[in-house]
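Chemist: Build me a model:
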Amino acid sequence: MKPTKESAYLNTYHKLKDGDIVKIIYYKNCKNIIIEFDYGYKINTSMIRLKTGNFKHPNQITVYGVGFIGYGNYNVSENLVLYDKWKGILRRCYDEKTQEKHPTYIGCSVDKRWHNFQNFAEWFYNNWKPWMSGWHLDKDILIKGNKVYSPETCCFVPAQINTLLINRKNDRGEFPLGVSFNKRDKKYAIELPKNKKGKRNFNTVEEAFVAYKTAKESYIKEVVNEWRDKIEESVYIALNNWKIEITD
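Modeler: Numbers count the residues shown, from 1 in each chain. Take a look at the predicted model:
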């Protein structure tokens, strides 16, 4: 009996451009076949595309040298906004051009579990609430100074809170956070937080910083308590105990 195309191609192995070996496990016609990677992933494709060997499977690293889509329920096309958030995190940590523009991200990294988009997406949907639209994903509120994006260190916070904690260390010059030099009065000045009144000019850097620290910590507590019913308990505790340091 003359062998059919199906029997000729079925269970045959083929090498792709990246070195992966796949097996044809289903053959209807040259435009409708199913191939299987050695780790079980299956793709519906065609013989022409198989011959080009040009496939991107879920475990193939495609994002900034570390990220991959992974196997799971979260399709990129159906989660584009979330995919962009994930990609943005990887960009900050592993893209040299981004770090040249934003050197505060130098030394930052992403937990290996989050190199897999599926793991990040699952964490996101387990922690994100409907009222969190426009909130920021933050890595160093729960642990001050933390440089690792991970399920244990990240949290969601309103933009108002996240903005409060920006220290602009690379842009503010030689003086501590919140302090500048008033050339006209030849004194050290502080910019008090919104709705805070008090002395603004001081004879020494130390006096100025202590005044700023006291006012800023008080203001952070006020803002945090306004969001008390929305933010997670761990976030509330961390921010309610937040300390401004002269080394910040």
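Chemist: Check which element follows the lengthiest helix in the chain along the chain.
Modeler: Counting residues, the longest helix in the chain under DSSP state H turns out to be helix 205-226. Using DSSP states H and E, the helix or strand that follows helix 205-226 towards the C-terminus is helix 233-240.
Chemist: Show me the contact partners of that following helix.
Modeler: Helix 233-240 is contacted from outside by 141-142, 144, 155-157, 161, 220-221, 224-225, 228, 231, using CB atoms under 8 Å, 6 or more residues apart in numbering. All C-beta atoms are positioned from the backbone trio N, CA, C, and that covers glycine.
Chemist: Name the nearest residue to the one residue sitting closest to the centre of the chain, sequence neighbours excluded.
Modeler: Per CA atoms, centre = their mean, the C-alpha nearest to the average position across the chain is that of I89, at 3.0 Å. Residue nearest to I89 in three dimensions, not counting chain neighbours: Y149, with 5.3 Å by CB to CB, 6 or more residues apart in numbering.
Chemist: which stretches of this protein form strands?
Modeler: Listed in chain order, the strands of the chain (DSSP state E) span residues 13-15, 21-29, 32-37, 42-45, 109-110, 136-138, 148-149, 155-157, 179-182, 187-190, 201-202.
Chemist: so what does the third one touch, helix or strand wise?
Modeler: Secondary-structure packing of strand 32-37 (3 or more CB pairs under 8 Å, 6 or more residues apart in numbering; DSSP states H and E): strand 21-29, strand 42-45, helix 47-52.
Chemist: do the same with the fifth one
Modeler: In this structure, strand 109-110 packs against helix 80-94, strand 148-149, with contacts taken as 3+ CB pairs under 8 Å, 6+ apart.
Chemist: Minimum distance to T12: which of those has it?
Modeler: T12 sits nearest to helix 80-94 of all these, at 34.7 Å, using CB to CB.
Chemist: so A215 sits right up against K197, yeah?
Modeler: No. With contact defined as CB atoms under 8 Å, A215 does not reach K197; the gap is 9.1 Å.
Chemist: Tell me which of these two has more neighbours.
Modeler: A215 (21 against 7; other CB atoms under 10 Å).
Chemist: Spatially nearest residue to the more buried one, not counting backbone neighbours?
Modeler: Leaving out its chain neighbours, the residue that sits closest to A215 by CB to CB, 6+ apart is K196, at 4.8 Å.
Chemist: Now do the contacts for the one you found.
Modeler: Contacts for K196 (CB under 8 Å, 6+ apart) come out as A215, S218, Y219.
Chemist: residues near the last one, how many?
Modeler: Neighbours of Y219 under the rule other CB under 10 Å: 16.
Chemist: Make sure it is actually in contact with E191.
Modeler: No. Using CB under 8 Å, Y219 makes no contact with E191, being 11.6 Å away.
Chemist: quick revisit: what would the strands of the chain look like in CSV with mean pLDDT?
Modeler: Formatted as CSV, the strands of the chain follow (pLDDT from 0 to 100):
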stretch, mean pLDDT
strand 13-15, 89
strand 21-29, 90
strand 32-37, 87
strand 42-45, 82
strand 109-110, 98
strand 136-138, 94
strand 148-149, 98
strand 155-157, 95
strand 179-182, 88
strand 187-190, 90
strand 201-202, 88
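Chemist: I figured K31 hits R49, correct?
Modeler: No. Using CB under 8 Å, K31 makes no contact with R49, being 9.6 Å away.
Chemist: Those two: which is more packed in?
Modeler: Applying other CB under 10 Å to K31 and R49 shows that R49 carries more neighbours, namely 14 against 10.
Chemist: so who does the more buried one touch?
Modeler: F55.
Chemist: repeat for the one 3 residues further on
Modeler: Contacts for T52 were tallied using CB under 8 Å, 6+ apart; they are K17.
Chemist: For the spatially closest residue to L16 that is not a sequence neighbour, give its distance to K28.
Modeler: In this structure, L16 finds its nearest non-sequential neighbour in G53, 4.1 Å apart by CB to CB, 6+ apart. Between G53 and K28 the distance is 21 Å, computed by CB to CB, to the nearest Å.
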